[in-house]
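1. sequence and predicted structure are below.
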Amino acid sequence: MRVLLTTIALLLSSSMAFADALKCDLSAYTAATGLTATVDQDTLVVTWAGDQGSELRARYGIDAGQPVVRELAVRKRGGQWAALGQNLVPEYYVVSGVRRMTTQQGEPLRQLGINITPEVIEKEKWYAFWDAPLIVPGVNPGNNVQQGGGRGSQPQAGLGTEPPGPRGRVYGLPRKAEEIRRQNASFNATSCAVKTDGARIEVTFPGLSMGIFAGSLQFTSYRGTNLFRMDAVARTNEPSVAYKYEAGLKGFTTALMPRVTWRDTGGNAQQYEFGGVKNDSRVNVKAKNRVLVAEGKNGSLATFPAPHRFFFTREVDTNLGYVWYRKDGDTQFGLGVRQADGEEVAEYRENFALHNAPPGTWQHMSVYFLASAEAAEPTRQAVMALTHGDRFKPMPGYKTMVNHFHLRFTERLRAMGSLDYPMQDLMAMKALGLNIVGLSDFHGDLRLNDTGAGRFEDQRDYAVASQKASDKDFLVTPWEEPSAFFGGHYNIMFPKNVYWSKRREAGQPLTETMAPFGKVYHTGSTADVQQMLDAEGGYWFHAHPRTKGTTGYPDALFDKAWVKNDRYLGIAFKTGMGEDLSDPRICEYRCFDAIDTMNNLFANSGLRPKYLIADVDTYRKGPEDDLYAGHPVNYVKLDRLPGPADDWSPILRAIRSGEHWVTTGEILIKSYAVEGTGPKRTIAADLDWTFPMEFVEVVWGDGKKVDRQVIRATDLPPHGSKKFSIPFDATGKVWVRFAAWDSAGNGAFVQPQWLTAQPPTTAGSR
């Protein structure tokens, strides 16, 4: 006993010897019930009310410049405080490379006659998709690589020029090994600051240094939930940074939590008891739903990333292992979140773009934790409730829809010998809670440019296979991304199967009757496609605006008749391309700026508004993949889902009428209306949400400029609901839209609508 007491005394004295006196600025802190912060000698104590009457407590300190969580504790209603961890040390690790503009972006610009100058590269590189900054040297020998002058040395008539040098997936190759920098965070904190923001407390420690990044460490506690968040808030002044990060807490003891648990990609329960040898590096876990839970006698602690903002866009949804644990010694371990260094599917190895970090932008590198006095499985379920179980929650009067899947559907079914085969890809999408799945075959597969029976045979089998894959509440539609004649890449949607080709030979009619298909179309121009859309009730919208093969679009077509037409719906909304972790909104420039610009341009034209349509643009997938993170969804107002053999016009009519709203899944819009007449209007929106809210906004245009009113919503509790009623002066304004965003960067928004009566529709804008 004497030896034990002596050891404890030595440990305590050692800890006190390294503890720094704590200077903490509380001038921005306001005491509130269920959310308090006090300084007790060398410790800042933050206490907040959790869910179901529970309470949480975090004690913060500084040891030799290092911010430390001296204790993380939880207690049930009326119970005793129980520690989950003590002397926990934050850790961050960042890997950065050089962002380059892709030649995929350059091609459509060159077709428009735009030279790929340094100024063009500086603007467009931030929206790169087929970039992989961590692959050295990065030259793709199969992609017209030329050493020396490159294509820039041989300008072609009508085409913009390219810069000199090797030509691969990106301009400016080869990459060099010294471009890649790997750095662990270090700290030199001398103080902290506490800020109250609605129903949350933010604790900030300055003095974070992480290679080319510098900033602060921030902890956020949210009243009404057991959730809390850790961020490295950092910026760089380097010119072309693309990066990924890993983060977590270390110092957990096996005496308090002797195991970690998770679900594997098959959904099976797994666990690791900390009885093995010390780990030399992080153990990357491919956990279903991106959740890892440490468990012990006092409760459990889950770690997980933000469900959408943590991920940059990829061609596939392979689970690359987004959580980790690491045994650091006989009795200690760490855990947190991480991103892989590269893609596992070899075909897409050069498509791993990472996050952007434009110079001077404050990047928020977050990791989430959820502490509980319960066992691991209830804690995991509490995390899952934040994403409705990684499912799109059913809403009365609505059906969920996502478009743009390149599955090589018909080609694969034929190889299996039957169009009746149940495709695993579709089973995985159905499990997400999707009702309508729009396919996009004829994208490098099948006889996509055939002018005769070959393509029509493929279209017939495509339609039949789609019908066979559908059921009473799950509709698969045989749509396409033709990307022909109109400019840029686009998706086309018909209310039924339409036989058409993308080539029209000399003397070939636009339409003819061909056995056994019936009426078929041969298109060879914008006028042909427009006539087909008008005759068949079809619609189209641009995919991935302002990036990939749609770089320069839709802007280049604002004056074209086929865009100044109600058959043109607008553009796709997709997370992850051309964004950085300083953005408060998803797809601000590529999506919202583009759609707002169009609606200002087309105000008072007699056209209906242009819309944003949730779209994914991915390839093969299965139930083992992590689909939810990359799938925004449309909630389309429908009384019932049309059957596979029915006319699908009700779906297209609802979309054309703007009777659909878009969400990442966490915020639901139960109802929305612009009430009133004349200048005095009211925005009425009834919302549900899971993560703590950040803000709602009303956005409008007057035909020339865009403006907005942002209403902070940080005072609202998590897992809440509210009917917003926002007075709105419509004087001089021609359109308006509404959006809501939560603290994890998740969002939901309605479609723009006109505020003024539009002139009669002209023949050119029918």
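-> That came in fine, so what should we check first?
2. mind checking how far residue 468 is from residue 164?
-> Distance, residue 468 to residue 164, by C-beta to C-beta, to the nearest Å: 53 Å. All C-beta spots, glycine's among them, are computed from the backbone N, C-alpha and C.
3. okay, those two: which has more neighbours?
-> residue 468 (17 against 14; other C-beta atoms under 10 Å).
4. please identify which helix or strand holds the more buried one.
-> Element membership of residue 468 [criterion: DSSP states H and E] is helix 453-469.
5. show the average pLDDT along that helix.
-> For helix 453-469, the mean pLDDT works out to 94.
6. which residues touch that helix?
-> Helix 453-469 is contacted from outside by 409-410, 413-414, 419-420, 422-423, 426, 439, 441-442, 446-450, 476-478, 497, 499-501, 514, 517, 520, 644-645, using C-beta atoms under 8 Å, 6 or more residues apart in numbering.
7. those residues in strands, which ones?
-> Those of the contacts of helix 453-469 mapping onto strands are 439, 476-477, 499-501, 514, 520, per DSSP state E.
8. what comes up buried for the longest strand along the chain?
-> Longest strand of the chain, by residue count under DSSP E: strand 82-98. When neighbours are counted by 16 or more other C-beta atoms under 10 Å, the buried residues of strand 82-98 are found to be 83-88, 90-98.
9. which stretches of this protein have low pLDDT?
-> Applying pLDDT under 70 to the chain flags residues 1-18, 140-157, 761-766.
10. this structure: helices as residue ranges?
-> Applying DSSP state H to the chain gives helices spanning 2-18, 103-111, 118-124, 376-384, 409-416, 424-431, 453-469, 526-536, 594-601, 649-656.
11. tell me the domain boundaries of the chain?
-> 88-95+183-387, 398-765 (automatic domain parsing).
12. contacts made by stretch 631-638 with the rest, please.
-> With C-beta under 8 Å, 6+ apart as the test, stretch 631-638 has contacts from 392, 395, 397-402, 432, 434, 436, 573-575, 613-616, 650-651, 654-655, 659-665, 668-669.
13. out of the residues you listed, which are buried?
-> 392, 395, 398-402, 432, 434, 436, 573-575, 613-616, 650-651, 654-655, 659-665, 668-669.
14. would you mind measuring from residue 211 to residue 236?
-> The span separating residue 211 from residue 236 equals 8 Å under the rule C-beta to C-beta.
15. any shared contact partners between these two?
-> Contact criterion C-beta under 8 Å, 6+ apart; residues shared by residue 211 and residue 236: residue 96.
16. please name the spatially closest residue to residue 196 (chain neighbours excluded).
-> Once flanking residues are discounted, residue 196 sits nearest to residue 30: 4.4 Å by C-beta to C-beta, 6 or more residues apart in numbering.
17. for residue 730, what are its contacts?
-> Residues near residue 730 by C-beta under 8 Å, 6+ apart: 678-681, 736, 755.
18. try 10 Å this time
-> Neighbouring residues of residue 730 by C-beta atoms under 10 Å, 6 or more residues apart in numbering: 674, 676-681, 700, 736, 755-756.
19. wait, residue 37 touches residue 43, no?
-> No. Assessed by C-beta atoms under 10 Å, residue 37 is found out of contact with residue 43, at 11.0 Å.
20. any common contacting residues for these two?
-> By C-beta under 10 Å, 6+ apart, the residues touching both residue 37 and residue 43 are 24, 60.
21. these two: who's more crowded?
-> With neighbours defined as other C-beta under 10 Å, residue 37 and residue 43 compare such that residue 37 has more, 25 against 17.
22. so that one bridges to which residues?
-> Note on residue 37: beta-bridge partners by DSSP bridges are residue 46.
23. residues contacting it?
-> 24, 26, 29-31, 44-48, 58, 60, 192, 194-196, 201-203, 221.
24. hmm, 7 Å instead?
-> Applying C-beta atoms under 7 Å, 6 or more residues apart in numbering, we find residue 37 in contact with 26, 29, 44-46, 194, 201.
25. inside strands: which ones of those residues?
-> Counted as lying in strands by DSSP E, out of those, are 26, 44-46, 194, 201.
26. of these - the most surrounded one?
-> When neighbours are taken as other C-beta under 10 Å, the top entry among the ones in strands among the contacts of residue 37 is residue 201 (25 neighbours).
27. residue 212 against residue 239, yeah?
-> No. In this structure, residue 212 is not within contact of residue 239 by C-beta atoms under 7 Å, at 10.6 Å.
28. higher neighbour count, those two?
-> Taking other C-beta under 10 Å, residue 212 and residue 239 do not tie; residue 212 has more neighbours (17 against 10).
29. skipping adjacent residues, who's closest to the more buried one in space?
-> Excluding its sequence neighbours, the residue lying closest to residue 212 (C-beta to C-beta, 6+ apart) is residue 236, at 4.5 Å.
30. neighbours of that neighbour, how many?
-> Using other C-beta under 10 Å, residue 236 is surrounded by 21 other residues.
31. need phi/psi at it.
-> With angles defined as degrees, to the nearest 10, residue 236 sits at phi -130, psi 150.
32. check contacts around it.
-> By C-beta under 7 Å, 6+ apart, the neighbours of residue 236 are 212-213, 357, 359.
33. and residue 180, by the same measure?
-> Residues near residue 180 by C-beta under 7 Å, 6+ apart: 95, 97, 134, 136.
34. give me the distance between the third one and residue 95.
-> Distance of residue 134 to residue 95, given as C-beta to C-beta: 7 Å.
35. and for the last one?
-> Between residue 136 and residue 95 the computed distance is 13 Å (C-beta to C-beta).
36. just residue 87 next, same as before
-> Separation of residue 87 from residue 95 (C-beta to C-beta) stands at 28 Å.
37. now residue 658: closest residue in space that isn't a chain neighbour?
-> Closest residue to residue 658 apart from its sequence neighbours, by C-beta to C-beta, 6+ apart: residue 751 at 3.9 Å.
38. for residue 67, which non-adjacent residue is spatially closest?
-> Spatially, and ignoring its direct neighbours in sequence, residue 67 is nearest to residue 205 (4.2 Å; C-beta to C-beta, 6+ apart).
39. for the residue lying closest to residue 179 once chain neighbours are set aside, give me its contacts.
-> Closest residue to residue 179 apart from its sequence neighbours, by C-beta to C-beta, 6+ apart: residue 98 at 4.7 Å. Residue 98 is in contact with 133, 175, 179, 240, 242, counting by C-beta under 7 Å, 6+ apart.
40. which of these count as buried?
-> Neighbour-count burial (16+ other C-beta under 10 Å) applied to these gives 133, 175, 179, 240, 242.
41. as TSV, the residues you listed with distance to residue 339 would be great.
-> Output for these, formatted as TSV (distance: C-beta to C-beta, whole Å):
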residue	distance to residue 339
133	13
175	19
179	18
240	19
242	12
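42. let me know the closest of the residues you listed to residue 76.
-> For these, the closest approach to residue 76 (C-beta to C-beta) belongs to residue 242, at 44.9 Å.
43. next up, the contacts around the closest one.
-> Contacts of residue 242 by C-beta under 7 Å, 6+ apart are 96-99, 133, 353-356.
44. residue 190 and residue 66, how far apart?
-> Noted for residue 190: a distance of 11 Å to residue 66, by C-beta to C-beta.
45. all good on my end, thank you.
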